[in-house]
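>>> Okay, here's the prediction I keep looking at, along with the sequence it came from:
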Amino acid sequence: MIDFLHRIKSGFFILLIQSIICSFALSFLPLYFKTQGYSLYAIILLYALYSGFVVVFIPIIKTFHLRKYLQIGFVIYALMSLILLIPGKYTNIVAYAFLMSWIYSFFWIPINYLYFNNSHKETNALNSSFYMTTFALVSIIMPPLGALVIKYWGFHWLYLIAAVLFLIPILVVRKYVHEQVISAPFWLSITQFSKLKTLTFFEGGIRFYARCYYSSLRSYISAK
(Lines give C-alpha, C1' and ligand atoms only; values in the text may rest on other atoms or scores of the structure.)
Protein backbone atom coordinates (compact mmCIF):
# COMPACT_ATOMS: atom_id res chain seq x y z
CA MET A 1 0.00 0.00 0.00
CA ILE A 2 2.83 2.44 0.82
CA ASP A 3 4.47 1.68 -2.53
CA PHE A 4 1.12 2.21 -4.25
CA LEU A 5 0.53 5.62 -2.64
CA HIS A 6 4.08 6.72 -3.38
CA ARG A 7 3.63 5.75 -7.02
CA ILE A 8 0.36 7.60 -7.68
CA LYS A 9 0.02 9.96 -4.72
CA SER A 10 -0.21 13.32 -6.52
CA GLY A 11 -2.68 12.11 -9.13
CA PHE A 12 -4.69 10.18 -6.54
CA PHE A 13 -5.14 13.03 -4.07
CA ILE A 14 -6.03 15.58 -6.74
CA LEU A 15 -8.56 13.19 -8.23
CA LEU A 16 -9.91 12.38 -4.77
CA ILE A 17 -10.55 16.07 -4.03
CA GLN A 18 -12.26 16.51 -7.40
CA SER A 19 -14.42 13.44 -6.79
CA ILE A 20 -15.43 14.63 -3.32
CA ILE A 21 -16.58 18.04 -4.57
CA CYS A 22 -18.36 16.65 -7.64
CA SER A 23 -20.19 14.03 -5.57
CA PHE A 24 -21.09 16.70 -3.02
CA ALA A 25 -22.62 19.13 -5.53
CA LEU A 26 -22.68 18.17 -9.20
CA SER A 27 -24.27 14.76 -8.61
CA PHE A 28 -27.55 16.67 -8.07
CA LEU A 29 -27.42 18.34 -11.47
CA PRO A 30 -30.33 16.49 -13.16
CA LEU A 31 -32.48 17.02 -10.06
CA TYR A 32 -31.57 20.72 -9.99
CA PHE A 33 -32.54 21.20 -13.64
CA LYS A 34 -35.79 19.37 -12.98
CA THR A 35 -36.67 21.69 -10.10
CA GLN A 36 -35.94 24.64 -12.40
CA GLY A 37 -38.64 23.42 -14.77
CA TYR A 38 -36.52 21.75 -17.45
CA SER A 39 -37.96 18.74 -19.24
CA LEU A 40 -36.28 15.34 -19.36
CA TYR A 41 -35.47 16.07 -23.00
CA ALA A 42 -33.57 19.23 -22.01
CA ILE A 43 -31.58 17.39 -19.34
CA ILE A 44 -30.54 14.68 -21.81
CA LEU A 45 -29.81 17.40 -24.37
CA LEU A 46 -27.20 18.73 -21.94
CA TYR A 47 -25.17 15.53 -22.26
CA ALA A 48 -25.69 15.39 -26.02
CA LEU A 49 -24.36 18.95 -26.37
CA TYR A 50 -21.44 18.10 -24.10
CA SER A 51 -20.50 15.12 -26.27
CA GLY A 52 -20.84 17.18 -29.44
CA PHE A 53 -18.60 19.92 -28.10
CA VAL A 54 -15.99 17.32 -27.06
CA VAL A 55 -15.90 15.89 -30.59
CA VAL A 56 -15.22 19.37 -31.95
CA PHE A 57 -12.65 20.49 -29.36
CA ILE A 58 -10.53 17.39 -28.72
CA PRO A 59 -8.85 17.28 -32.18
CA ILE A 60 -7.80 20.92 -31.77
CA ILE A 61 -5.51 20.31 -28.78
CA LYS A 62 -2.34 18.42 -29.67
CA THR A 63 -0.25 19.09 -26.56
CA PHE A 64 -1.24 19.11 -22.91
CA HIS A 65 0.56 21.23 -20.32
CA LEU A 66 0.00 19.10 -17.24
CA ARG A 67 0.31 21.62 -14.39
CA LYS A 68 -1.27 24.54 -16.24
CA TYR A 69 -4.18 22.54 -17.64
CA LEU A 70 -5.11 21.01 -14.28
CA GLN A 71 -5.33 24.48 -12.77
CA ILE A 72 -7.46 25.67 -15.68
CA GLY A 73 -9.60 22.57 -15.25
CA PHE A 74 -10.49 23.45 -11.66
CA VAL A 75 -11.24 27.05 -12.67
CA ILE A 76 -13.64 25.66 -15.29
CA TYR A 77 -15.28 23.47 -12.63
CA ALA A 78 -15.81 26.59 -10.50
CA LEU A 79 -17.30 28.46 -13.48
CA MET A 80 -19.59 25.50 -14.18
CA SER A 81 -20.95 25.78 -10.66
CA LEU A 82 -21.46 29.54 -10.98
CA ILE A 83 -23.19 29.15 -14.36
CA LEU A 84 -25.93 27.22 -12.57
CA LEU A 85 -26.74 30.33 -10.53
CA ILE A 86 -27.53 32.37 -13.65
CA PRO A 87 -31.25 32.46 -14.48
CA GLY A 88 -32.29 31.56 -17.99
CA LYS A 89 -34.36 28.86 -19.56
CA TYR A 90 -31.71 27.24 -21.77
CA THR A 91 -28.74 29.61 -21.61
CA ASN A 92 -27.20 27.94 -18.58
CA ILE A 93 -27.63 24.44 -20.04
CA VAL A 94 -25.74 25.37 -23.22
CA ALA A 95 -23.08 27.27 -21.28
CA TYR A 96 -22.69 24.40 -18.81
CA ALA A 97 -22.33 21.85 -21.63
CA PHE A 98 -19.75 24.08 -23.34
CA LEU A 99 -17.65 24.38 -20.17
CA MET A 100 -18.06 20.70 -19.31
CA SER A 101 -16.65 19.70 -22.70
CA TRP A 102 -13.43 21.58 -21.94
CA ILE A 103 -13.08 19.62 -18.70
CA TYR A 104 -12.24 16.58 -20.81
CA SER A 105 -9.16 18.30 -22.25
CA PHE A 106 -8.11 20.45 -19.33
CA PHE A 107 -8.74 17.97 -16.53
CA TRP A 108 -9.40 14.35 -17.45
CA ILE A 109 -6.58 13.76 -19.91
CA PRO A 110 -3.92 15.36 -17.67
CA ILE A 111 -5.20 13.73 -14.46
CA ASN A 112 -5.34 10.26 -16.00
CA TYR A 113 -1.83 10.74 -17.34
CA LEU A 114 -0.67 11.84 -13.90
CA TYR A 115 -2.44 8.94 -12.19
CA PHE A 116 -1.31 6.13 -14.48
CA ASN A 117 2.02 7.49 -15.68
CA ASN A 118 3.95 5.52 -13.06
CA SER A 119 1.95 2.34 -13.62
CA HIS A 120 3.47 -0.66 -15.30
CA LYS A 121 2.33 -4.12 -16.27
CA GLU A 122 2.59 -5.54 -12.75
CA THR A 123 0.64 -2.68 -11.10
CA ASN A 124 -2.02 -1.75 -13.68
CA ALA A 125 -4.69 -3.98 -12.12
CA LEU A 126 -4.09 -2.64 -8.59
CA ASN A 127 -4.08 0.97 -9.72
CA SER A 128 -7.26 0.53 -11.77
CA SER A 129 -9.14 -1.26 -8.99
CA PHE A 130 -8.14 1.37 -6.44
CA TYR A 131 -9.16 4.06 -8.94
CA MET A 132 -12.66 2.59 -9.21
CA THR A 133 -13.41 1.49 -5.63
CA THR A 134 -12.16 4.61 -3.87
CA PHE A 135 -14.33 6.96 -5.87
CA ALA A 136 -17.31 4.63 -5.64
CA LEU A 137 -17.08 5.00 -1.86
CA VAL A 138 -16.88 8.78 -2.20
CA SER A 139 -20.08 8.76 -4.28
CA ILE A 140 -21.85 7.02 -1.38
CA ILE A 141 -20.62 9.33 1.37
CA MET A 142 -20.75 12.83 -0.15
CA PRO A 143 -24.25 13.13 -1.73
CA PRO A 144 -26.03 12.99 1.67
CA LEU A 145 -23.94 15.99 2.77
CA GLY A 146 -24.95 17.85 -0.37
CA ALA A 147 -28.57 16.91 0.29
CA LEU A 148 -28.35 18.51 3.73
CA VAL A 149 -27.16 21.77 2.17
CA ILE A 150 -30.05 21.62 -0.31
CA LYS A 151 -32.56 20.93 2.46
CA TYR A 152 -31.53 23.82 4.71
CA TRP A 153 -30.10 26.42 2.29
CA GLY A 154 -31.09 25.38 -1.24
CA PHE A 155 -29.33 24.64 -4.53
CA HIS A 156 -27.88 28.13 -4.93
CA TRP A 157 -25.83 27.83 -1.76
CA LEU A 158 -24.76 24.33 -2.77
CA TYR A 159 -23.30 25.51 -6.06
CA LEU A 160 -21.82 28.66 -4.55
CA ILE A 161 -19.98 26.52 -1.98
CA ALA A 162 -18.88 24.15 -4.75
CA ALA A 163 -17.46 27.04 -6.80
CA VAL A 164 -15.28 28.06 -3.86
CA LEU A 165 -14.25 24.48 -3.08
CA PHE A 166 -13.15 23.86 -6.69
CA LEU A 167 -10.55 26.60 -6.36
CA ILE A 168 -8.81 24.94 -3.39
CA PRO A 169 -7.22 22.05 -5.38
CA ILE A 170 -5.36 24.63 -7.48
CA LEU A 171 -3.06 25.10 -4.47
CA VAL A 172 -2.45 21.34 -4.38
CA VAL A 173 -1.64 21.27 -8.10
CA ARG A 174 0.78 24.19 -7.77
CA LYS A 175 2.60 22.52 -4.89
CA TYR A 176 2.79 18.89 -6.00
CA VAL A 177 2.57 18.79 -9.80
CA HIS A 178 5.59 19.67 -11.92
CA GLU A 179 5.06 21.13 -15.37
CA GLN A 180 5.17 18.54 -18.12
CA VAL A 181 4.15 18.81 -21.74
CA ILE A 182 2.34 15.78 -23.17
CA SER A 183 2.21 15.40 -26.94
CA ALA A 184 -0.94 13.55 -28.04
CA PRO A 185 -1.98 14.29 -31.66
CA PHE A 186 -5.58 13.17 -31.91
CA TRP A 187 -5.62 11.43 -35.29
CA LEU A 188 -2.33 9.65 -34.66
CA SER A 189 -3.75 8.34 -31.39
CA ILE A 190 -6.87 7.12 -33.22
CA THR A 191 -4.80 5.13 -35.73
CA GLN A 192 -2.96 3.45 -32.87
CA PHE A 193 -6.21 2.64 -31.07
CA SER A 194 -7.09 -0.71 -32.65
CA LYS A 195 -8.41 -4.23 -32.04
CA LEU A 196 -9.29 -4.79 -28.36
CA LYS A 197 -8.80 -1.11 -27.62
CA THR A 198 -11.42 -0.27 -30.24
CA LEU A 199 -13.92 -2.53 -28.50
CA THR A 200 -13.09 -0.82 -25.23
CA PHE A 201 -13.59 2.56 -26.88
CA PHE A 202 -17.10 1.74 -28.14
CA GLU A 203 -18.07 -0.06 -24.93
CA GLY A 204 -17.01 2.96 -22.91
CA GLY A 205 -18.97 5.32 -25.16
CA ILE A 206 -22.15 3.26 -24.95
CA ARG A 207 -21.82 2.96 -21.18
CA PHE A 208 -21.32 6.74 -20.88
CA TYR A 209 -24.51 7.55 -22.79
CA ALA A 210 -26.49 4.89 -20.91
CA ARG A 211 -25.29 6.19 -17.55
CA CYS A 212 -26.15 9.79 -18.47
CA TYR A 213 -29.61 8.79 -19.68
CA TYR A 214 -30.58 6.61 -16.74
CA SER A 215 -29.20 9.00 -14.10
CA SER A 216 -31.16 11.85 -15.71
CA LEU A 217 -34.30 9.72 -15.94
CA ARG A 218 -33.98 8.57 -12.32
CA SER A 219 -33.53 12.11 -11.03
CA TYR A 220 -36.39 13.37 -13.19
CA ILE A 221 -38.78 10.74 -11.89
CA SER A 222 -37.74 11.15 -8.24
CA ALA A 223 -38.41 14.89 -8.45
CA LYS A 224 -42.07 14.36 -9.36
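Now that the structure is in, tell me what you want to look at. All values reported here derive from a predicted model rather than from experimental measurement. Numbers count the residues shown, from 1 in each chain.
>>> any low-confidence regions in the protein?
Applying pLDDT under 70 to the chain flags residues 1-10, 88-90, 115-134, 184-224.
>>> the helices in it, which residues?
Secondary structure of the chain (DSSP state H): helices at 2-24, 29-35, 40-57, 66-83, 91-103, 109-116, 124-152, 155-165, 169-176, 186-191, 196-222.
>>> mind listing what's buried in the fifth one?
By neighbour count, with 16 or more other CB atoms under 10 Å as the criterion, the buried positions of helix 91-103 are 92, 93, 95, 96, 97, 98, 99, 100, 101, 102, 103. For glycine as for every other residue, the C-beta is placed from the backbone atoms N, C-alpha and C.
>>> Relative to residue 61, which of the residues you listed is nearest.
Lowest distance from residue 61 to those (CB to CB) belongs to residue 102, with 9.6 Å.
>>> Make sure the closest one is actually in contact with residue 75.
No. Residue 102 is not in contact with residue 75 according to CB atoms under 8 Å; the separation is 10.2 Å.
>>> and residue 135, what does it touch?
Neighbouring residues of residue 135 by CB atoms under 8 Å, 6 or more residues apart in numbering: 15, 16, 19.
>>> how far away is it from residue 93?
Per CB to CB, to the nearest Å, residue 135 is found 26 Å from residue 93.
>>> and if you look at residue 66?
31 Å.
>>> And residue 109, by the same measure?
Counting by CB to CB, the gap from residue 109 to residue 93 is 24 Å.
>>> again with residue 33
With CB to CB as the criterion, residue 33 and residue 93 are 7 Å apart.
>>> Find residues that contact each of these two.
42, 46.
>>> how far does stretch 83-95 stretch from start to finish?
7 Å (CA to CA, to the nearest Å).
>>> Tell me how many other residues crowd the residue nearest to residue 165 when sequence neighbours are not counted.
The shortest distance from residue 165 to any non-neighbouring residue, by CB to CB, 6 or more residues apart in numbering, is to residue 21 (4.8 Å). By other CB atoms under 10 Å, 25 other residues sit near residue 21.
>>> doesn't residue 64 make contact with residue 113?
Yes. The criterion here is CB under 8 Å, and residue 113 meets it with residue 64 at 7.3 Å.
>>> can you list residues touching both of these two?
Contacts common to residue 113 and residue 64, judged by CB under 8 Å, 6+ apart, are residue 182.
>>> Distance check, residue 174 against residue 71.
Distance from residue 174 to residue 71, by CB to CB: 7 Å.
>>> Please disregard the earlier target; I meant residue 146.
Counting by CB to CB - residue 146 and residue 71 are separated by 25 Å.
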